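Q: Next comes the sequence, and after it the predicted model I'd like to discuss.
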Amino acid sequence: MPLVAAAVCPHPPLIVPEVAGAAAGELDGLRAACAAAVARLLAAGPDAITLVGAGPRTLSLRSADYGSLRPYGVDRHVRLWRVNCAGGERLPLSLTIGAWLLGRTGTKLPRFAHAIAADASPQECARLGAELVGAADHRMALLVLGDGSACRGTKAPGYDDPRARVYDDGVAGALADADAEALLGLDPALSAELSVAGRAPWQVLAGAVRAAGGDWRGELGHHEAPYGVAYLVANWEPA
């Protein structure tokens with residue numbers, strides 16, 4: 001079975017303590033939940049980790065590619081994996097934070113990454129998920145990066161939208177139940193209106209699990225919206 005586990009984490013730049021500065025403590029709970037989810041992912045015994053996150057366009061990244069925290073006030077590169085060969089600054093924020101989360105663990109496992117266009121259709125997302133599983137010749141684990149709605153209150157980046165909480169609660173339920181079909185049913189138009197950054201990556205996960213087959217169980221480890229943005233953390237494993 002190529003896909004042995006998956007973890008879902010958000011990708012706020014403030015999760016990096018150097019970016020958050022004096023406010024770093026405000027996300028201690030989220031940071032701990034993400035660390036626990038990634039540790040559980042590694043405990044499944046994969047041969048490699050594949051990261052999936054939204055970006056401007058769909059593309060596969062090279063193992064030496066990196067992202068930058070410079071736009072967020074910290075002059076630091078975060079490399080996906082290899083350091084002994086040439087790479088480019090190609091990781092979008094989602095994959096930069098994913099690489100940072102993995103880098104904190106000290107794991108030596110190979111890491112691969114795929115960006116999915118933020119406006120990709122559910123069918124395109126599901127197809128990428130199936131392709132990742134179909135192409136794997138090793139025990140693969142998925143680290144899926146994505147934020148929920150950014151419309152949870154008047155101070156939220158997208159201001160307040162009464163539909164946001166219902167949307168996020170639905171995603172939380174789907175992640176808790178490992179409900180791939182519910183994730184595939186998320187509406188791209190509504191997701192965009194609610195400034196959801198995780199819709200496409202979550203649907204890649206759903207497509208991967210559907211292609212892998214078998215029964216899956218989920219566990220929701222975190223669901224809060226401290227800055228008006230929903231942050232969800234979950235683990236999926238074969239039942």
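A: Looks like it came in fine. Numbers count the residues shown, from 1 in each chain.
Q: Any chance you could list what contacts the lowest-mean-pLDDT helix or strand in the chain?
A: One helix or strand of the chain scores below all others by mean pLDDT, DSSP states H and E: strand 77-79, with a mean of 94. Around strand 77-79, the neighbours that count as contacts under C-beta atoms under 8 Å, 6 or more residues apart in numbering are 64-69, 87, 89, 91, 96-97, 99-100, 103. Where C-beta positions appear, they are placed from N, C-alpha and C, glycine not excepted.
Q: give me the low-pLDDT residue ranges for this protein?
A: Under the criterion pLDDT under 70, the flagged ranges of the chain are 1, 84-85.
Q: So which of the contacts of strand 77-79 belong to helices?
A: When DSSP state H is applied, the contacts of strand 77-79 are split such that 96-97, 99-100, 103 fall in helices.
Q: The nearest residue to residue 26 once chain neighbours are set aside: what's it in contact with?
A: Closest residue to residue 26 apart from its sequence neighbours, by C-beta to C-beta, 6 or more residues apart in numbering: residue 226 at 6.5 Å. Residues in contact with residue 226 (C-beta under 8 Å, 6+ apart) are 26-27, 30.
Q: ranges for the strands of the chain?
A: 3-9, 48-55, 59-61, 66-68, 77-79, 111-117, 140-145, 216-224, 231-238 (DSSP state E).
Q: Now tabulate those in CSV and tack on mean neighbour count and distance to residue 154.
A: Compiled in CSV, these are given as follows (neighbours: other C-beta atoms under 10 Å; distance: least, C-beta to C-beta, whole Å):
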stretch, mean neighbour count, distance to residue 154
strand 3-9, 26, 27
strand 48-55, 25, 25
strand 59-61, 16, 36
strand 66-68, 21, 31
strand 77-79, 17, 33
strand 111-117, 23, 30
strand 140-145, 26, 27
strand 216-224, 18, 17
strand 231-238, 23, 19
